[in-house]
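# whatever this is, show me its structure:
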Amino acid sequence: MRNEQEIKTTDAKAIPALIKGLVEALLYSSLFISGCAFFLTIETYLLTGIAVSVPMALFVFLATLFVYNTSSIQRTWRGWNRAGSEQAWGIRYQKQLAAVAMLSLVGAITIYFVYGLRINFWLVLLLALISVGYTVPLLFRRVKPLRSVPLLKVFLIALVWSVVTVLFPLVDASVEIEAGALLLWARRFLFILALALLFDIRDYTYDRNTRTLTFPGLIGEGYTRLLSLSLLLLYLVLVSYTENGPVLIGLVSATLVASLIVWHASEEKPRIYYALLADGAMLVHFAFVYLALS
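Below is the predicted model:
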C-alpha cells in the first residue's frame with residue numbers, strides 16, 4: 001500500500017512539473033511569440049478582406065523564430081554557458097535553440113523563394129539585420145547591440161513588428177500602400193509600442209546596470225505605464241476613425257484587456273507575466289478580430 005501511495009504522490013508531482021516544462025518550452029523557445037506574429041499577420045488579412053496567404057504567415061512565423069533565437073547562436077558560437085543566469089532555461093537548451101534558429105532561417109528562405117513572396121528582398125534583409133542587431137552586435141565586440149542605444153529599442157520593436165505583420169502581407173498581396181494601409185500600419189505600430197514599453201519596465205534594473213537609458217529610467221515606472229496607456233488611447237482614436245460594428249467592439253475589447261495588463265505591470269512581476277500576458281495581448285487582439293468577423 002505504501003508503494004502504491006508513493007507512486008500516486010510521485011505521479012501527482014510529475015504532472016505539474018510536466019506542465020511547467022511545456023509552458024517554459026513554449027515561452028522561452030520563442031514559439032509563443034512567433035505564434036503571435038503568425039496570428040497578427042493573419043489578422044491583417046482579415047481586417048483588409050484579402051485572402052489569407054498561409055505561406056506569408058509561415059514566413060513571418062519562421063523569421064520571428066529565427067530572430068528571437070539568434071542570441072542562442074551567439075552564445076553557442078562563443079561557448080558561453082554561465083549557470084545561474086535569469087535566462088536559465090535558454091542557457092540550458094542554447095544548443096537546441098541555436099539549431100531551431102538555423103532551421104527556421106532555412107525554412108523562411110525556402111518559403112520566400114519557393115512561393116515567390118512579393119516582398120523586396122533587400123527590405124527583408126534590412127529588417128533582418130535590424131532585428132538581429134537588436135540583441136546581437138553585428139560586428140560582435142566592436143559594436144554594441146542596438147538595444148543599447150538610448151530610448152531606441154521600443155521604437156525598433158514596434159517598427160519591425162508593424163512592418164512585418166502589416167506591410168509585408170499587403171505588399172505580397174499587391175495592395176497599394178495608401179491612406180487606409182498606412183492607418184492600419186500606424187494602429188499596429190501604436191499597439192506594439194504600448195506593449196514594448198512594458199519590457200522596458202521589466203528590464204529596468206538590468207538596463208540601469210548596463211547604463212542603457214530607457215523610458216522607465218528617464219520618466220519612472222509609473223509614468224511609463226501612463227505613456228503606454230496614452231498610446232493605447234491614441235490607438236483607440238485611430239480604430240474609432242477606421243472601423244465600425246463588431247470589429248470596432250472587438251478591438252476596443254482587446255485594448256481594454258491590454259490596458260489591464262499595462263496597469264498591473266511592474267518590475268517585480270515575474271518574467272512569465274510578460275512572456276505570457278504582455279505578448280499574449282497580441283493573441284487576444286487577433287481572437288477578438290476573428291470572433292467579430294466570424
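# any low-confidence regions in the stretch 101-250 of the chain?
Low-confidence segments of the stretch 101-250 of the chain (pLDDT under 70): 133-148, 150.
# all helices for the stretch 51-200 of the chain, in order.
Assigned by DSSP state H, counting those that start in this stretch, the stretch 51-200 of the chain shows helices spanning 54-68, 70-78, 88-92, 94-114, 121-135, 153-162, 168-172, 179-202.
# surely Phe38 touches Phe61?
Yes: Phe38 lies in contact with Phe61 (Cβ atoms under 8 Å); the separation is 4.1 Å. Using the backbone N, CA and C atoms, a C-beta is placed for each residue, glycine as well.
# ok, Leu236 - how many residues close by?
Neighbour count of Leu236, defined by other Cβ atoms under 10 Å: 19.
# who are the packing partners of the helix or strand hosting it?
Leu236 is part of helix 221-242 when elements are defined by DSSP states H and E. Secondary-structure packing of helix 221-242 (3 or more Cβ pairs under 8 Å, 6 or more residues apart in numbering; DSSP states H and E): helix 179-202, helix 215-219, helix 245-263.
# what angle separates it from helix 153-162?
Per axes from the mean of the first three to the mean of the last three Cα atoms, to 10 degrees, the angle that helix 221-242 makes with helix 153-162 is 30 degrees.
# let's see helix 221-242 as CSV, backbone CA atoms only.
This file holds the C-alpha atoms of helix 221-242, laid out as CSV (Å, rounded to 0.1, in the frame of the first residue of the first chain):
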residue,chain,number,x,y,z
GLU,A,221,8.0,53.3,-13.9
GLY,A,222,4.6,54.9,-13.2
TYR,A,223,4.8,57.5,-16.0
THR,A,224,6.0,54.8,-18.4
ARG,A,225,2.7,52.9,-17.6
LEU,A,226,0.8,56.1,-18.3
LEU,A,227,2.7,56.6,-21.5
SER,A,228,1.7,53.1,-22.6
LEU,A,229,-1.9,53.7,-21.7
SER,A,230,-1.8,57.0,-23.6
LEU,A,231,-0.5,55.2,-26.7
LEU,A,232,-3.4,52.7,-26.4
LEU,A,233,-5.8,55.6,-26.1
LEU,A,234,-4.4,57.1,-29.3
TYR,A,235,-4.7,53.6,-30.9
LEU,A,236,-8.4,53.6,-30.0
VAL,A,237,-8.9,57.0,-31.6
LEU,A,238,-7.5,55.6,-34.9
VAL,A,239,-9.5,52.5,-34.5
SER,A,240,-12.7,54.5,-34.0
TYR,A,241,-11.9,56.5,-37.1
THR,A,242,-11.3,53.5,-39.3
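# and the angle for it with helix 179-202?
160 degrees.
# give me the distance from helix 221-242 to the chain's centre.
Distance, stretch centre to chain centre, for helix 221-242: 19 Å (Cα atoms, centre = their mean, to the nearest Å).
# what residues does it touch?
Residues from elsewhere that reach helix 221-242 (Cβ atoms under 8 Å, 6 or more residues apart in numbering): 180, 183-184, 186-187, 190-191, 193-195, 197-198, 200-201, 204, 215-216, 219, 248, 251-252, 255, 258-259, 262-263, 265-267.
# what angle do it and helix 245-263 make?
180 degrees.
# quick one on the thing from earlier: and the helices and strands packed on helix 221-242, which is most packed in?
Of all the helices and strands packed on helix 221-242, helix 179-202 has the most neighbours on average by mean count of other Cβ atoms under 10 Å, namely a mean of 21.
# buried set for the next helix or strand after that helix?
Sequence order places helix 204-209 as the next helix or strand after helix 179-202, per DSSP H and E. Using 16 or more other Cβ atoms under 10 Å as the burial criterion, the residues of helix 204-209 that qualify are Tyr204, Asp207.
# so which elements touch helix 204-209?
Counting contacts by 3+ Cβ pairs under 8 Å, 6+ apart, helix 204-209 packs against helix 215-219.
# so how far is the helix it packs on from its chain's centroid?
Centre-to-centre, helix 215-219 and its host chain are 22 Å apart (Cα atoms, centre = their mean).
# what packs against that helix?
helix 179-202, helix 204-209, helix 221-242.
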